[in-house]
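> Generate coordinates for the sequence data below:
(one chain, ligands or ions: 4)
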Amino acid sequence: MPKVKNWQLGREMDYRYDEAHPEWQFAAVFNINRCIACQTCTMACKSTWTFSRGQEYMWWNNVETKPYGGYPKFWDVKTLELMEQANPNGQRWNTATSDKEAPYGVYEGKTVFELSPKDRFALGYLPTDDEWQVPNLYEDNAVGPRGEENKYPKGGGLDEHGTWFFYLARICNHCTYPACLAACPRQAPYKRPEDGIVLIDQQRCWGYRRCVEACPYKKAMYRPETKTSEKCIACYPRIEGKDPLGGGVPIETRCMSVCVGKIRLQGLVKVDGNGEWAHDPENPLYYLVREEKVGLPLYPQFGTEPNIYYIPPRWVPRSYLHQMFGPGADHAIERYVMPSRKLLAVLQLFRATRTIIFRFEVIEGKKIGEANVNGKTLELFDDTVVGYDKNGKEAIRMNVLEPFHLRDEKYPNSI
Ligand code: SF4
Ligand code: SF4
Ligand code: SF4
Ligand code: F3S
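Ligands and ions are numbered 1, 2, ... in the order given. Model prediction:
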């Protein structure tokens, strides 16, 4: 198999095809600390794209309660188990060194491509009908109770809880090296050269379902009515700036723009000639993922180089987060809990406007206070963050610190 560079693994890896990179890459950062599992995102996608016959069990966007929930049932545990069986005790990272090229160190285990059976191009499995039927099983089921029955070890961080769960919102990752694309005998899935969105050509698809089998995130889904597979299309008319709501500039997808918890920031990142994200620290996604390293890939060890990134939940045991988001979890939580002045500003941009922000700037204001965070002093400033659209026009202007209203003592508990 050809070798391709996977920056999330800090090394080259095997992939079915040679490197071919888009001009821009569709990407997003989800802040798990804020998700309230309202499922507004799920219903926005469902009511836009998957309300027809044969799509009843199709949830391109889903929100599952971790660690037990999952759609399809146990998708991640099953893939992790397959990897473990194929390479016992081998899924390890070497974090002795890290640099710009390999920010999380080097993954010394094997990816789903490198563990592939001989007659396939990626390791995977086909979920059963039963596993697709219950999209929100185990909602709000916590690990616990507090104490010795909790099988996940505590890592010593002040913020970790003995009893915990969290909500994981998921869509297709529009991977740099899609397993769905590698697996298909018909080359029906393809990655668009203009924006990196991964689509399945419905004319080419003959329903082999190798894409469903191979996608480690289980985001390609079979539709019996048409005998083809379908998947999240990244609401591409909105990304192309063709939605009438956008006034000619790219706007965020349906699931992103409705997010009640303001957990999502989505956009497009410029890709350079080597397939790397072009150095662009004023792009909010580049800033969060490559500069601050606060947004992390989901199961980077799968090897597809997913493009939806997560700010990990700070109350969850680190061993669990290391498996789910790789070795970058400690650094990401440290930055999130004690944000830099700029990071605090960029966090305000989440769901501030539906217009995709291509560039941001921070206008500095005066210092207005201090807060104590785990014994350290966090300075607070009256800064303003401004976001610009694709044409460089101002799309949003926000105060970094939200206004504080003190209810007058004359009106206790009144409305
Ligand atoms: Fe979470 Fe936002 Fe979806 Fe609500 S709309 S479940 S807050 S991601
Ligand atoms: Fe393909 Fe799955 Fe990656 Fe989406 S998440 S691009 S369906 S491999
Ligand atoms: Fe659905 Fe669009 Fe979100 Fe994809 S990006 S899950 S198609 S709403
Ligand atoms: Fe290919 Fe999947 Fe269709 S493997 S033929 S895209 S069902």
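
> At the contact with ligand 3, which residues of the stretch 151-300 of the chain appear?
Selection of the stretch 151-300 of the chain residues close to ligand 3 by Cβ under 6 Å from any ligand atom yields Ile171, Cys232, Ile233, Ala234, Cys235, Thr253, Arg254, Cys255. For glycine as for every other residue, the C-beta is placed from the backbone atoms N, C-alpha and C.

> where in the stretch 101-250 of the chain is pLDDT low?
The stretch 101-250 of the chain contains residues with pLDDT under 70 at 145-159.

> Could you pick out the residues of it near ligand 2 for me?
For the stretch 101-250 of the chain, the contact set with ligand 2 under Cβ under 6 Å from any ligand atom comprises 172-175, 178-180, 198, 215, 217, 219-220, 231.

> Which two of the residues of the stretch 151-300 of the chain next to ligand 3 have the greatest separation?
The distance between the two most remote of those (Cβ to Cβ) is 11.4 Å, for Ile233 and Cys255.

> From Met256, how far out is Lys393?
Distance, Lys393 to Met256, using Cβ to Cβ, to the nearest Å: 20 Å.

> Who has more neighbours out of the two?
Each of Lys393 and Met256 has its neighbours counted (other Cβ atoms under 10 Å); Met256 has more, 27 against 10.

> where does the more buried one land in three-state SS?
Under the three-state scheme (DSSP: H, G, I helix; E, B strand; the rest coil), Met256 adopts helix.

> wait, it sits on Val29?
No. Met256 is beyond contact range of Val29, at 10.4 Å (criterion: Cβ atoms under 8 Å).

> How about the stretch 51-200 of the chain: which residue is closest to ligand 1?
In the stretch 51-200 of the chain, the residue that lies nearest ligand 1 is Ala169 (3.8 Å; Cβ to the nearest ligand atom).

> What sits closest to that residue if chain neighbours are left out?
In space, and not counting its chain neighbours, Ala169 is closest to Val63: 4.6 Å by Cβ to Cβ, 6 or more residues apart in numbering.

> tell me the pLDDT at that neighbour?
Val63 is assigned 98 on the pLDDT scale.

> Determine whether any part of whichever strand or helix holds it lies close to ligand 3.
Assigned by DSSP states H and E, Val63 belongs to strand 62-66. No. Strand 62-66 stays clear of ligand 3 (Cβ under 6 Å from any ligand atom), getting no nearer than 8.7 Å.

> Briefly note if that strand comes near ligand 1.
Yes. Using Cβ under 6 Å from any ligand atom, strand 62-66 reaches ligand 1 at Val63.

> relative to strand 62-66, how tilted is the helix or strand just after that strand?
Counting by DSSP H and E, the next helix or strand C-terminal to strand 62-66 is helix 75-86. Angle, helix 75-86 to strand 62-66, by axes from the mean of the first three to the mean of the last three Cα atoms, to 10 degrees: 60 degrees.

> just how off-centre is the helix or strand following helix 75-86 within its chain?
For helix 75-86, the following helix or strand on the C-terminal side (DSSP H and E) is strand 93-94. Taking the mean C-alpha point of strand 93-94 and that of its whole chain, the gap between them comes to 22 Å (Cα atoms, centre = their mean, to the nearest Å).

> got a list of contacts for strand 93-94?
Strand 93-94 is contacted from outside by Tyr104, Gly105, Val106, Tyr107, Glu108, Gly109, Gly326, Pro327, using Cβ atoms under 8 Å, 6 or more residues apart in numbering.

> make it 10 Å
9-11, 102, 104-109, 300-301, 322, 326-328 (Cβ atoms under 10 Å, 6 or more residues apart in numbering).
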